[in-house]
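Trainee: Pasted the sequence and its predicted model underneath.
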Amino acid sequence: MQTKRIAFSAIFCALIFVATAFIKVPVAIGYFNLGDAFLLISAVCCGPFGGAIGGMIGCALADVIGGYAVYAPFTLVVKGVEGLICGLLFLMIKRNEKGYFLRTFAAFIVSLLWMVAGYFITNWILYGIGEAVSVGLPCDFLQAGMSLVVASLIFTALANIPYVVRTFNLKGFEEPKKDEKDAK
């Protein structure tokens with residue numbers, strides 16, 4: 001199982017890189033991308049460390065290749081912690097099946113709020129408080145909102161695929177066993 005988890009983490013790392021580096025829209029400072037959505041899905045499917053590694057490598061590499069190398073060291077920290085937070089929160093909520101989607105949505109929100117705070121500090125360091133507040137913060141909140149919607153849609157779709165539920169042990173989404181079906 002460990003080999004499978006490493007392989008899926010590597011696949012998600014590549015997916016995060018592609019979604020960050022090639023599906024992007026440049027803005028005043030930085031760019032909008034879908035990398036965060038796939039980072040959140042990676043953390044849910046591969047756990048906190050899989051999410052952290054995917055975010056660190058996929059997003060930082062996209063910064064370097066995309067001409068935003070000045071962000072790469074900050075991205076390593078911000079995206080690594082974002083994946084770690086999401087994965088840890090998701091592990092905590094898996095123990096309680098009630099409100100599973102809502103709790104997963106909350107884990108996404110907390111992780112994305114960390115991302116906004118992390119890049120606020122980054123932009124403050126790089127450009128000063130004025131730019132961080134007037135340009136960076138609105139862009140990062142839009143990035144977070146877009147990522148929240150996309151990640152939620154992807155998660156909802158994946159949670160309805162029995163193979164994905166079994167493979168990534170998404171407790172709460174298993175199909176009822178034959179005895180449970182008959183009892184209903």
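Mentor: Received the coordinates, thanks.
Trainee: drop to CA atoms for contacts and neighbour counts, all remaining ones
Mentor: OK.
Trainee: Now the lengthiest helix in the chain: buried residues?
Mentor: Longest helix in the chain, counting residues (DSSP state H): helix 100-127. By neighbour count, with 16 or more other CA atoms under 10 Å as the criterion, the buried positions of helix 100-127 are 100-101, 103-116, 118-124.
Trainee: dump the residue contacts of residue 30.
Mentor: Shown in contact with residue 30 (CA atoms under 8 Å, 6 or more residues apart in numbering): residue 68.
Trainee: quick one: it from residue 62, how far?
Mentor: To residue 62, residue 30 is 12 Å away according to CA to CA, to the nearest Å.
Trainee: Next: residue 143.
Mentor: Taken as CA to CA, the span from residue 143 to residue 62 is 16 Å.
Trainee: Also residue 163?
Mentor: Residue 163 is 30 Å from residue 62, where distance means CA to CA.
Trainee: So between these two, which is more surrounded?
Mentor: Legend: neighbour count by other CA atoms under 10 Å for residue 163 and residue 62, higher for residue 62 (23 against 12).
Trainee: where exactly do the strands run in this protein?
Mentor: Using DSSP state E, the strands of the chain run over 24-26, 31-33.
Trainee: Show the average pLDDT along stretch 72-83.
Mentor: When pLDDT is averaged along stretch 72-83, the result is 97.
Trainee: Do you know the pLDDT at the residue positioned nearest the centre of the chain?
Mentor: With distances taken as CA atoms, centre = their mean, residue 40 lies nearest the centre of the chain, 2.0 Å away. At residue 40, the pLDDT value in this model is 97.
Trainee: Also residue 25?
Mentor: So residue 25 comes in at 86 (pLDDT).
Trainee: what about it, how many residues close to it?
Mentor: 12.
Trainee: Quick check: it touching residue 31?
Mentor: Yes: under the criterion of CA atoms under 8 Å, residue 25 makes contact with residue 31 at 5.3 Å.
Trainee: Let me know whether residue 21 touches residue 64 as I believe.
Mentor: No: the pair residue 21 / residue 64 is not scored as a contact, 9.4 Å apart, by CA under 8 Å.
Trainee: The two: who's more crowded?
Mentor: Remark: of residue 21 and residue 64, residue 21 carries more neighbours, 24 against 15, as counted by other CA under 10 Å.
Trainee: Could you measure from the more buried one over to residue 35?
Mentor: In terms of CA to CA, residue 21 sits 8 Å off from residue 35.
Trainee: Find the residues that touch each one of these two.
Mentor: residue 59.
Trainee: which regions of this structure sit below the pLDDT cut-off?
Mentor: 1, 94-97, 171-184 (pLDDT under 70).
Trainee: all helices for it, in order.
Mentor: 2-21, 35-54, 60-65, 72-93, 100-127, 129-131, 137-158, 162-167, 178-183.
Trainee: tell me the most buried of those helices?
Mentor: helix 35-54 (a mean of 28; mean count of other CA atoms under 10 Å).
Trainee: who are the neighbours of that helix, in terms of helices and strands?
Mentor: Counting by 3 or more CA pairs under 8 Å, 6 or more residues apart in numbering; DSSP states H and E, the packing neighbours recorded for helix 35-54 are helix 2-21, helix 72-93, helix 137-158.
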